[in-house]
Each structure stands twice: as C-alpha cells, then as structure tokens.
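In: dropping the sequence and predicted coords here.
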Amino acid sequence: MIVQLRVDDRLIHGQVALVWTKELNTPGIVVANDNASTSAPVQMTLKMATPTGKKLLIRSVDESIKVFNNPKGKDMRMFALTNNIKDALKIAQNVDNILGINVANVGRFADKSEGEPEKLTNTIMVSPSEKKALEELVKVGKPTFTQVIPSNNKVSISSLLK
C-alpha cells in the first residue's frame, strides 16, 4: 500500500529524507520517475540522499504502477515520490491502495512554454495543463492535499482550486 504519494519536484531531499520517512514509518521509498529510472547520475544522487536503513526503488512511472499493484506488496507500507502532477495522476488512476496524495512542492523548475505558472501556494505553481491534471487528480477520489512538512496543517487541493 502507498502510505503517501508525494509530488515534489526535488524528489528526495532533506524534508523527505529526514522528516517524512520517519513520520510515515515506511521501510523504503519508491521514486516513480521516467528520467530517474534511466539516468545513472540522478540515480546516484537519489541513493546518496536516501536515509541509512531505508530501501530505495527507482522505476519508471509504468514500472512503478506494476510494483504498487503487485499482490506481494499489498501489505507493504510504501512512500512513493514523483516530481510532477501528471505522473501522480497516472499513478492515482491506476493504483487503488493509496492512503493520501500530498502535492507538496511543484512547478518551480517547470517549463514555461505555456506561460507563467499560476501560483496556488508558495510551493505549488501550475501551468494550465498541470492545473487540469490537478483537477483530475482530485476527481480520482483519494485524499489529495498539500502539506510541506508534517507539522503543517493539511490543506485540501480542492479548496485551493476554488
């Protein structure tokens, strides 16, 4: 089961490695990212950022969906990371066992080909296509919120979209 699917354009960094892995009490992290799954430098960086004692699995989005849906992992607590809303949407549409989707940090490094992104919060900036994906993500029906660190209150994404 995915305890939390976090959208964070930095993937593994201090907040994730030191705070969220302890808070969620998961034995490992699954990075669902097409680029990371094929880039040795990115993989090396992610491995270095992974806390000691935690397992790390780096897979493409499609391969991650297979991992999440594998019956062998049904009772395993997983912390999943992706770096964009569209990938989170694809995972949410194809995986039933997700306890929560945290859209935490996204859009700061985004392609601006669609124009300047719309700022929903200080940590969530979305292009028109990403906003549409975010609206679809909420419609999937799983708890979808933003919470940068555990001590912050959860804010529902649907309230930000209004």
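Out: Alright, I've got the coordinates.
In: for residue 146, the count of nearby residues, please.
Out: Burial measure for residue 146: 23 neighbouring residues, criterion other CB atoms under 10 Å. (Glycine included, C-beta is placed from N, CA and C.)
In: beta partners for it?
Out: Beta bridges link residue 146 to residue 155, judged by DSSP bridges.
In: my read: it touches residue 157, true?
Out: Yes: assessed by CB atoms under 8 Å, residue 146 is found in contact with residue 157 at 6.4 Å.
In: list residues touching both of the two?
Out: Shared contacts of residue 146 and residue 157 (CB atoms under 8 Å, 6 or more residues apart in numbering): residue 103.
In: and the strands in this structure?
Out: 2-8, 28-32, 55-59, 78-82, 101-105, 118-119, 125-126, 144-146, 155-156 (DSSP state E).
In: what's the closest of these to residue 22?
Out: With CB to CB, the closest approach to residue 22 among the strands of the chain belongs to strand 78-82: 10.6 Å.
In: quick one, what contacts residue 80?
Out: By CB under 8 Å, 6+ apart, the neighbours of residue 80 are 2, 4-6, 29-32, 64, 68, 91.
In: for residue 68, see how far away it is.
Out: For residue 80, the distance to residue 68 equals 7 Å [CB to CB, to the nearest Å].
In: and what of residue 12?
Out: Distance, residue 12 to residue 68, using CB to CB: 18 Å.
In: quick one, helices of this protein?
Out: For the chain, the helices defined by DSSP state H cover 14, 21-24, 34-38, 40-49, 61-69, 85-94, 128-139, 157-161.
In: in CSV: these, plus mean pLDDT, distance to residue 118 and mean neighbour count.
Out: Putting the helices of the chain into CSV (pLDDT from 0 to 100; distance: least, CB to CB, whole Å; neighbours: other CB atoms under 10 Å) gives the following:
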stretch, mean pLDDT, distance to residue 118, mean neighbour count
helix 14, 84, 27, 10
helix 21-24, 92, 29, 16
helix 34-38, 97, 24, 15
helix 40-49, 96, 28, 13
helix 61-69, 97, 24, 18
helix 85-94, 98, 12, 21
helix 128-139, 96, 6, 18
helix 157-161, 95, 10, 15
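In: okay if I get those helices as JSON lines plus distance to residue 55?
Out: Putting the helices of the chain into JSON lines (distance: least, CB to CB, whole Å) gives the following:
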{"stretch": "helix 14", "distance to residue 55": "19"}
{"stretch": "helix 21-24", "distance to residue 55": "11"}
{"stretch": "helix 34-38", "distance to residue 55": "16"}
{"stretch": "helix 40-49", "distance to residue 55": "11"}
{"stretch": "helix 61-69", "distance to residue 55": "12"}
{"stretch": "helix 85-94", "distance to residue 55": "19"}
{"stretch": "helix 128-139", "distance to residue 55": "27"}
{"stretch": "helix 157-161", "distance to residue 55": "29"}
